[in-house]
Every structure is written in C-alpha cells, then in structure tokens.
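1. Sequence below, structure please.
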Amino acid sequence: MYTLTEAQKLIEKHLANIKFPEDPTELYEPVHYILSIGGKRIRPALVLLACDMFDGSVESALHPATAIEIFHNFTLLHDDIMDKSELRRGKQTVHVKWDDNTAILSGDVMSILASQFMNEAPGAVLRGVHNVFTRTAIEVCEGQQLDMNFENMLTVTEQQYLRMIELKTSVLIAASLKIGAMLGGASEKDAADLYDFGRDLGIAFQLQDDLLDAYGDPELFGKKPGMDIVDNKKTMLMITALRDANPEQKKALTGWLTARDADPEEKVQAVMQLFDALHVKEKVNREINNYYQQALESLNHLNTPMERKTELFAFAEYLMERQN
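-> Okay, here's the model as predicted:
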C-alpha cells in the first residue's frame, strides 16, 4: 500500500517527465510554469491511493491522476485572473508574468490537455471515468460562477453557500477518489462511498478555512486575520451571524457589509466582536465536525479491510488538524 507522501512523489516524478509541446512558446511556457511552481499534488495522489486501495494498477492511474492535477491548475490560473491575484505559491501569477490574454489561452489549452490525459484511462472504465471527470469539471465552473454571484448579493443562505463550496472546492477531491476507485476495480457502492467521503471532507476543510481566516494564528498562517471580513465575503461565519443576530446586531453587520471606504482594522474588530457575541466560532466548529464525522462514516462503510483505509483516515486527520 502506498502512503500519501509516496503517491505525491510518484505524481511529481510523472509530471516532471511529461513532454508538452513547445511551440508556440507563448501558449505552452505558462503551462510548464504553473505546473512547476509547486503545489501539494493532493488530488492526483488521492487518485493513486484510491486505485491502490482496491489492488488496481497504480501505473495505469498515473495519466488520469495527471489529468486531475492539470485541470486543478487550470482552475487556479483562471481564478487568479478573475481575482486579480498577483502571487500564487509565492511566485508571480501567470497573468502578471505574461498578460491576461496569454493566461486565458494557456488555461484553455490546459483544460483540453486534462481531457486528453483522462482519455488514457484503461478502456474498460474509460467511459465511466470520463463521465465523472466531465461532470465534475462543469460543477467546478458552476461553483466559481456562484461564488462570483455572491459578491453582488447582500445575503446568502446557508444552503446556497454550502452548495457553492461543494461545487467549487469539494467535488474535485471527491471525484479524484471516485475515479481512483473506478480505476482500481471498486464496486459502484464503494466508489460512491469514497466520493461521499471526499465531498464531506472537502466541505469540512473549506468551512475550517473560513474559520481560520478570522480566528487563525497569524504566526502560523502568515496572513493577517479577517481578510474575508474586509473583502465582504459571505462565508459561513457571516451567514451564521446574520441568521442569528437580533435586529440591532443585524443592522450593525449589514452596515459594515455596505460601508464604503471603512477602515479595515476597525471593521474587522467590530465584526469580530459581533461574531463573538453570537458564538459564531462554536457554531461553525459544530458544523465542521458534523461534516467531518459524515466523511469518516462513509470511509468506514467501504467494503475493504481496515488496514487499507488507514492512509485515508490519516489524510482526513492531516487535512483537519490545523489549529484555530
């Protein structure tokens, strides 16, 4: 059985040996660049772990796993353009290093290359694997659109937000596990249970990310707390606060959400005081734990020996062990 670290190293080695076209240089050099500036390779590693769990050929899963990593980086490239981000993994983003048009077109070719690599899945499961991949690719785009829509909405419901982070963040983790299971010859039920594990774990992870933005230790996470508050993000913290606030508290929260040119530090301090008064941290932590426990339950349901699940249990713990 592979460990997560071993699977990550295998993916890294495989990526380093891929020969992309070199002409036109302006199209393919950004592809080389974004794939070479790091990343934990978690999603493709999960493809390999899930395949290995069912005694599948990890070698035959390398190209489909690579497809997942290329697609993931394509989404990051386009996200950086939309968010006007200047840095990605401590390096210049593609649209800054080159320009917007180059970044858009290089992202486009990455999405096509991802499909091409997924087509290298063994014939017996190719149709099913590709269907999961294309459906997931569409869902990720839907999640990004919903996230953009929320920027212009004063209020977002809990259900709307959970659906958005499911689509934008967790379905690709879930699909990575399901595709790996299918490549390994898993039953439909086991593949579905692995998908549910990845989906719920991904949601728990994103909710925890929301929490850490407000309550995380800046020494550990390298950024000032409260940036989501400054940017008027409708995270689960803000949604919970607006839901549970009395009229006076809701008026104050809405005022900060609609204020123009507010002092960032004053805004963060005021909103955090309202979060604390409404016990938002405790409520969101309960929601995180609910999704985390659902994920573990799905993993427990897998019809495989416990020792074959150990690495995924460890992965879940690793993903959620960040302190808030």
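
2. okay, CA-based contacts and neighbour counts for the rest of this
-> Fine.

3. helices and strands of the chain: which one has the lowest mean pLDDT?
-> Taking mean pLDDT, DSSP states H and E as the measure, the helix or strand of the chain with the lowest value is helix 218-221, at a mean of 73.

4. quick one: contacts of it?
-> Helix 218-221 has contacts (C-alpha atoms under 8 Å, 6 or more residues apart in numbering) with 224, 225.

5. Please apply the same query to stretch 14-31.
-> Contacts for stretch 14-31 (C-alpha under 8 Å, 6+ apart): 32, 62, 66, 94, 102, 103, 105, 106, 107, 109, 110.

6. and the fourth one, how far is that from residue 299?
-> The one in question is residue 94. 38 Å (C-alpha to C-alpha, to the nearest Å).

7. which of the two has more neighbours?
-> Between residue 94 and residue 299, residue 94 has the larger neighbour count (other C-alpha atoms under 10 Å), namely 28 against 23.

8. Pretty sure the more buried one sits against residue 77.
-> Yes - the criterion here is C-alpha atoms under 8 Å, and residue 94 meets it with residue 77 at 6.8 Å.

9. ok, back up a step: which two of the contacts of stretch 14-31 have the greatest separation?
-> Pairwise distances across the contacts of stretch 14-31 (C-alpha to C-alpha) peak at 28.2 Å, for the pair 62 and 102.

10. Just the buried residues out of the contacts of stretch 14-31, in ChimeraX syntax.
-> Here is the ChimeraX selection string for the buried members of the contacts of stretch 14-31, based on 16 or more other C-alpha atoms under 10 Å:
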select :32,62,66,94,102,103,105,106,107,110
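
11. Let me know the closest of the contacts of stretch 14-31 to residue 162.
-> residue 107 (26.8 Å).

12. so what's the closest one closest to, chain neighbours aside?
-> Nearest in space to residue 107, with sequence neighbours left out and distances taken as C-alpha to C-alpha, 6 or more residues apart in numbering, is residue 74 at 5.0 Å.

13. Same check on residue 85?
-> Residue 85's closest residue in space is residue 93 (C-alpha to C-alpha, 6+ apart), at 6.9 Å.

14. Repeat that for residue 121.
-> That would be residue 64: by C-alpha to C-alpha, 6+ apart, it lies 6.0 Å from residue 121.

15. residues contacting that neighbour?
-> Contacts here follow C-alpha under 8 Å, 6+ apart; on that basis residue 64 touches 47, 117, 118, 119, 120, 121.

16. Which members of the residues you listed are the farthest-apart pair?
-> Farthest-apart pair in the contacts of residue 64 is 47 and 119; separation 15.0 Å (C-alpha to C-alpha).

17. So for those two, which sits in the more crowded spot?
-> Remark: of residue 47 and residue 119, residue 47 carries more neighbours, 30 against 17, as counted by other C-alpha under 10 Å.

18. Could you confirm the more buried one falls within a helix?
-> Yes - with DSSP: H, G, I helix; E, B strand; the rest coil as the criterion, residue 47 is part of a helix.

19. so how many other residues sit close to the residue lying closest to it once chain neighbours are set aside?
-> Distances taken as C-alpha to C-alpha, 6+ apart place residue 180 nearest to residue 47, at 4.1 Å, with adjacent residues excluded. By the criterion of other C-alpha under 10 Å, residue 180 has 31 neighbours.

20. anything in contact with each of residue 94 and residue 77?
-> By C-alpha under 8 Å, 6+ apart, residue 94 and residue 77 have these common neighbours: 34, 103.

21. would you turn the contacts of stretch 14-31 into JSON lines with secondary structure and pLDDT?
-> Formatted as JSON lines, the contacts of stretch 14-31 follow (DSSP: H, G, I helix; E, B strand; the rest coil; pLDDT from 0 to 100):
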{"residue": "32", "secondary structure": "helix", "pLDDT": "95"}
{"residue": "62", "secondary structure": "helix", "pLDDT": "98"}
{"residue": "66", "secondary structure": "helix", "pLDDT": "98"}
{"residue": "94", "secondary structure": "helix", "pLDDT": "97"}
{"residue": "102", "secondary structure": "helix", "pLDDT": "97"}
{"residue": "103", "secondary structure": "helix", "pLDDT": "97"}
{"residue": "105", "secondary structure": "helix", "pLDDT": "98"}
{"residue": "106", "secondary structure": "helix", "pLDDT": "97"}
{"residue": "107", "secondary structure": "helix", "pLDDT": "97"}
{"residue": "109", "secondary structure": "helix", "pLDDT": "98"}
{"residue": "110", "secondary structure": "helix", "pLDDT": "98"}
